[in-house]
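Asks: Build me a structure from this.
(2 chains)
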Amino acid sequence: MPRALLRTPLHERHVALGAKLGGFAGWDMPLEYSTVRDEHRNVRTRCGVFDVSHMGQITVSGGGARAYLGEALTNDIDKLEPGQGQYTLVCRDDGGTIDDLIVYQLLDHYMIICNASNVAPVFTWVAARAPQGVTVSDESVGHAMLAVQGPAWEQALGPLVTGDEIVGLPYFGIAQTAVAGVPSWVARTGYTGEPGVEIMCPAHRATEVWDALMAGPDAPAPTGLAARDTLRMEMGYPLYGQELGLTRTPIEAGLKWACDLEGGFVGADAMRRQVQDGTPERLCIFTLDEPGIPRMGCPVDADGEVVGEVTSGTLSPTLGIGIGMAYVRADLAAPGTALQIDIRGKRKAATTAKRPLVDTSPKKDESNG
Amino acid sequence: MADESYPDDLRYHPEHDWVRVDGDEAVFGITWYAQDALGEVVYYDPPQIGAAIVKDDSYGELESVKAVSDIIAPASGEVIAVNDAMRDTPETVNNDPYGAGWLIRVRLTDPSELDGLMDVETYRSYLSGL
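Replies: Purely as a prediction, here's the structure:
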């Protein structure tokens, strides 16, 4: 018998707004409130708010925490300073990806934000290998998370924050502050490609933050997970379960930049071999040259043979054309390569491209302070 | 998006397609219920003019941002026109599913097939049971 879906502390708000809800990683989540395209474009041009309370939150503390995370996670922990986050991955010995995540260094501990579908595997993996004196704790249930994303995020959030802790917060910076009077961590991170923040607060006070955001003169538009997916696809951000998984390493996924291959993390040997020898396949991003919408599972052809498979696809709300990501034979992954996508028996011309597909950056508001 | 409605003068197929009969020709489309379930339609892949379509089989595709859906033929026939406006503005099927959002016009090969379709009362009670 299927287990009942979990509800975030903002569930009643989503229902009241008439959101279309759907199951996602065991949670009943808002997929869309108006239409995916309107919500998507609003995030690119103005600002939207997402309930991402389903995401996992795991803390790691104790004297040996830093050294331990240096081994357990792929990225170089030595580059991480207090008040900063880092995109990183946790992999098996063979380099297979258990999850991609962000680790933040807070005052006296580390906080991992991981995918909702992977809380148990990540927690189990990290907790089981922790040395004596390092405490790993799953804090997911007690916390809510709101993402305020888009060029107007500061106008939306500003009136709710009286302190100056987040003024000038750099990309991937994190600070503790009160948001609408609720003690929160605010991080300059997100999954849309736009400037913005993710707010982590106690679950039982999440409605206070949400209601205050909605009451503001520059209130962000409620935005569902469907738009979050199309936004991340335009940026070429991988999604666990589609671009990432136990049978894919970060090297194949083009995430070498997040792996400290000089260091000694779990999976490093396998990845070093892959860098040296090459991998049979590489992840690419592509645009369709003719009408059509690629979908997960569509075969990719070149010169009459199957050379890969689409892992994500959609109609880009910004570009108005079909876009997608695919694992293809490594020599075909370079930008500018002609491919064909087999969309239910119809072959459509496609061209691989550079990430991102749209002209935006989550850092674009940093130059003007 | 249009308000929920089901015109009296149409015949309905259980896969949520409608037929407007016009002599030995007919116009096909999808019902309000179908477009609501799909969400905003962003792509219409119609059949070729001249194609033979078969009752209960797929004759084209409608796609939302998230998903693709086959369009089921409520009757058999030959395609004599497709709604070109739907290619450029596929969301028309959300705004006007029984009017500007029509999908194809066919010459029916067996008009008696229409007898097996539902009238509006039957379709409404069918919907209430879903």
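
Asks: Helices of chain B, start to end?
Replies: In chain B, the segments counted as helices under DSSP state H are B:32-38, B:85-88, B:92-95, B:120-128.

Asks: And for the stretch 101-250 of chain A?
Replies: Using DSSP state H, counting those that start in this stretch, the helices found in the stretch 101-250 of chain A span residues A:119-129, A:153-157, A:206-215, A:225-235.

Asks: The stretch 1-150 of chain A against chain B: which residues are in contact?
Replies: Applying CB under 8 Å from any CB of the partner chain, we find that the stretch 1-150 of chain A lies next to chain B at A:Lys20, A:Leu31, A:Glu32, A:Thr35, A:Val36, A:Arg37. In short, each C-beta sits where N, CA and C put it, glycine included.

Asks: What's the local residue count around A:Asp218?
Replies: 15 (other CB atoms under 10 Å in any protein chain shown).

Asks: pLDDT score for it?
Replies: Per-residue pLDDT puts A:Asp218 at 96.

Asks: does it really touch A:Ala156, like I thought?
Replies: Yes: the pair A:Asp218 / A:Ala156 is scored as a contact, 5.0 Å apart, by CB atoms under 8 Å.

Asks: Now do stretch A:187-196: everything it contacts.
Replies: A:43-44, A:47, A:85, A:102, A:104, A:147-151, A:153, A:166, A:169-175, A:197-198, A:200, A:228, A:231-232, A:234-235, A:237, A:356, A:358, A:360-366 (CB atoms under 8 Å, 6 or more residues apart in numbering or on different chains).

Asks: where are the low-confidence patches of chain B?
Replies: Within chain B, not a single segment meets pLDDT under 70.

Asks: So which residues on it come close to chain A?
Replies: If contact is defined as CB under 8 Å from any CB, the residues of chain B in contact with chain A are B:Gly39, B:Glu40, B:Val42, B:Tyr43, B:Asp45, B:Glu61, B:Glu63, B:Ser64, B:Val65, B:Lys66, B:Val68, B:Arg87.

Asks: can you put the helices of the stretch 101-250 of chain A in a markdown table and add mean neighbour count?
Replies: Conversion of these to a markdown table gives the following (neighbours: other CB atoms under 10 Å in any protein chain shown):
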| stretch | mean neighbour count |
| --- | --- |
| helix A:119-129 | 17 |
| helix A:153-157 | 22 |
| helix A:206-215 | 18 |
| helix A:225-235 | 24 |
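
Asks: can you list those in a markdown table and add mean pLDDT?
Replies: Listed next are those as a markdown table, based on pLDDT from 0 to 100:
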| stretch | mean pLDDT |
| --- | --- |
| helix A:119-129 | 97 |
| helix A:153-157 | 97 |
| helix A:206-215 | 98 |
| helix A:225-235 | 98 |
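
Asks: Nearest to A:Gly181, out of those?
Replies: Proximity to A:Gly181, assessed across these by CB to CB, is greatest for helix A:206-215 (6.8 Å).

Asks: residues in contact with A:Glu165?
Replies: Here A:Glu165 is in contact with A:Ala175, A:Gln176, A:Thr177, A:Val186 (CB under 8 Å, 6+ apart).

Asks: Give me the helices and strands touching the longest strand anywhere in chain A, please.
Replies: As assigned by DSSP state E, the longest strand anywhere in chain A is strand A:305-315. The criterion is 3 or more CB pairs under 8 Å, 6 or more residues apart in numbering or on different chains; DSSP states H and E, and the helices and strands that strand A:305-315 contacts are helix A:225-235, strand A:299-302, strand A:322-329, strand A:338-343.

Asks: Among those, which comes closest to B:Asp3?
Replies: Of all those, it is helix A:225-235 that lies closest to B:Asp3, at 23.0 Å by CB to CB.

Asks: so what's the spatially most central residue of chain B closest to, chain neighbours aside?
Replies: Residue closest to the average C-alpha location in chain B (CA atoms, centre = their mean): B:Gly29, at 2.1 Å. What sits nearest to B:Gly29 in space, not counting adjacent residues and going by CB to CB, 6 or more residues apart in numbering or on different chains, is B:Trp102, at 4.6 Å.

Asks: On the three-state scheme, A:Ile251 is what?
Replies: Here A:Ile251 is coil, with the state taken from DSSP: H, G, I helix; E, B strand; the rest coil.

Asks: isn't it right next to A:Gly96, touching?
Replies: No: under the criterion of CB under 8 Å, A:Ile251 lies out of contact with A:Gly96, with a separation of 11.3 Å.

Asks: Comparing those two, which residue is more hemmed in?
Replies: Taking neighbours as other CB under 10 Å, A:Ile251 and A:Gly96 compare with A:Ile251 leading, 22 against 16.

Asks: Ramachandran angles for the more buried one?
Replies: Summarising the backbone geometry of A:Ile251 under the convention degrees, to the nearest 10, its torsions are phi -70, psi -50.

Asks: In which helix or strand does the closest residue to it other than its chain neighbours reside?
Replies: The spatially closest residue to A:Ile251, leaving aside those adjacent along the chain, is A:Gln274, at 4.4 Å (CB to CB, 6+ apart). Using DSSP states H and E, A:Gln274 falls within helix A:268-277.

Asks: Tell me the first helix or strand C-terminal of that helix.
Replies: Scanning forward in sequence from helix A:268-277, with DSSP H and E defining helices and strands, the next element found is strand A:281-288.

Asks: what helices or strands is that next one leaning on?
Replies: Checking 3+ CB pairs under 8 Å, 6+ apart, strand A:281-288 ends up next to strand A:322-329, strand A:338-343, strand A:346-353.

Asks: tell me the angle the shortest one makes with strand A:281-288.
Replies: This means strand A:338-343. Interaxial angle, strand A:338-343 versus strand A:281-288 (axes from the mean of the first three to the mean of the last three CA atoms, to 10 degrees): 80 degrees.

Asks: Quick one: name the residues of the stretch 201-350 of chain A near chain B.
Replies: A:Ala226, A:Asp229, A:Thr230, A:Pro291, A:Gly292, A:Ile293, A:Arg295, A:Thr314, A:Leu315, A:Pro317, A:Arg344.

Asks: So what pairs up with the residue nearest to the centre of chain B in the strands?
Replies: For B:Gly29, the residues forming beta bridges with it (DSSP bridges) are B:Trp18.

Asks: you'd agree it is up against B:His16?
Replies: No: with contact defined as CB under 8 Å, B:Gly29 and B:His16 do not form a contacting pair (9.9 Å).

Asks: if we can go back for a sec, could you tell me which residues within the helix holding A:Gln274 count as buried?
Replies: When neighbours are counted by 16 or more other CB atoms under 10 Å in any protein chain shown, the buried residues of helix A:268-277 are found to be A:Ala268, A:Ala270, A:Met271, A:Gln274.

Asks: Show me what that helix is in contact with.
Replies: Defining contact as CB under 8 Å, 6+ apart, one finds that helix A:268-277 is touched by A:74, A:91, A:93-95, A:249-252, A:256, A:259-261.
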